[in-house]
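> Requesting a structural model of the entry that follows:
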Amino acid sequence: MTTFVPCIYSRSEIHLLLSAVQSSQEKNGCKIDASTLRTLLLFLYGTGALVGEARRVLREDVDFNRRTIVIRGNRFNRSREIPIGPDLYKVLRRYHTRNHQKGKMSAPHFFLTKEGNALKERAVGQTFQGLRRMAGIARDDGARYQPRLHDLRHTFAVHRLTAWIKRGADLNRMIPALSAYIGQVGLGSTDRYLSLTPERFRTQLDKLSPRQGKQRWRNNLALMKFLAEL
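Residues are numbered from 1 along each chain as shown. Prediction:
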């Protein structure tokens with residue numbers, strides 16, 4: 001059986017998606033405006049959150065003073081609170097100022113349709129596929145599925161790992177942090193992103209991979225303190 005390999009968007013492809021947002025949402029029938037779609041894309045790429053998690057974020061979950069967001073898990077996953085960086089903070093703050101006006105919000109959610117309602121899964125998926133086609137992004141590797149909105153989660157993880165490797169960061173410390181940040185219970189799912197990083201980093205990965213050695217993650221007190229402060 002063929003193992004599914006997610007699409008990892010390049011930074012140029014991310015730019016193409018963002019550049020096509022305005023044109024893709026100019027049709028009268030679009031329920032999601034350009035501002036919401038662009039902010040949603042940046043939120044997913046900047047946090048690695050699941051699409052469903054992003055749709056469930058409430059306005060009260062975004063704390064601009066502490067610069068944190070509560071990510072609400074489904075019935076199988078616990079909720080978690082994550083910090084947000086300065087760039088994403090500015091994006092979310094701008095969206096909040098422009099889109100969260102009293103009298104125009106029917107739902108308590110952070111991401112809203114033009115009518116002020118919560119985003120629906122089907123509408124979000126269809127909207128993204130239209131955007132992807134307009135941006136000219138497609139897979140030609142024989143994959144069964146074309147690039148998906150969910151692949152921004154995988155892209156976030158791989159781009160983070162790539163940046164850490166370039167800086168010579170200790171992956172034995174950072175991979176558990178990444179796992180906690182995106183809400184994965186086990187490290188195995190996060191560890192698999194190592195195989196999706198650019199091939200030119202293979203030597204570093206062989207040295208830094210958490211599979212090397214027998215030390216247990218939870219016995220690293222400094223690491224556990226770091227995770228607790230996320």
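> and the most centrally placed residue in the chain, what pLDDT?
The residue lying closest to the centre of the chain (Cα atoms, centre = their mean) is residue 48, at 2.3 Å. Looking at residue 48, its pLDDT is 92.
> Thought residue 182 was touching it, still the case?
Yes. Counting by Cβ atoms under 8 Å, residue 182 is a contact partner of residue 48 at 4.1 Å. Just so you know, the C-beta spots here come from the backbone N, C-alpha and C atoms, and that holds for glycine as well.
> Residues that sit against both of these two, list them.
153, 156-157 (Cβ atoms under 8 Å, 6 or more residues apart in numbering).
> Narrow those to just the buried residues.
153, 156-157 (16 or more other Cβ atoms under 10 Å).
> Tell me how far residue 40 lies from residue 117.
Using Cβ to Cβ, to the nearest Å, residue 40 is found at 14 Å from residue 117.
> next one: residue 49
The value you get for residue 49 to residue 117, if Cβ to Cβ is used, is 20 Å.
> Same drill for those two, tell me which one is more crowded.
residue 49 (25 against 14; other Cβ atoms under 10 Å).
> Report the contact partners of residue 68.
81-84.
> residues in contact with stretch 36-51?
14, 17-18, 21, 24-25, 54, 69, 71, 82, 84-85, 87-88, 91-92, 95, 99, 111-113, 119, 121, 124-125, 127-128, 131, 149-150, 152-153, 155-157, 160, 178, 181-183.
> Could you tell me which of the residues you listed belong to strands?
69, 71, 82 (DSSP state E).
> Quick check, the first one in contact with residue 58.
Yep, that's residue 69 we're talking about. No. Counting by Cβ under 8 Å, residue 69 stays clear of residue 58, with 10.0 Å between them.
> Show me which of these two is the more surrounded one.
It is residue 69, of residue 69 and residue 58, that has more neighbours when counted by other Cβ under 10 Å, with 25 against 14.
> Tell me how many other residues crowd the closest residue to that one other than its chain neighbours.
Of all residues not flanking residue 69 in the chain, residue 62 sits nearest, at 5.3 Å (Cβ to Cβ, 6 or more residues apart in numbering). Neighbour count for residue 62, taken as other Cβ under 10 Å: 20.
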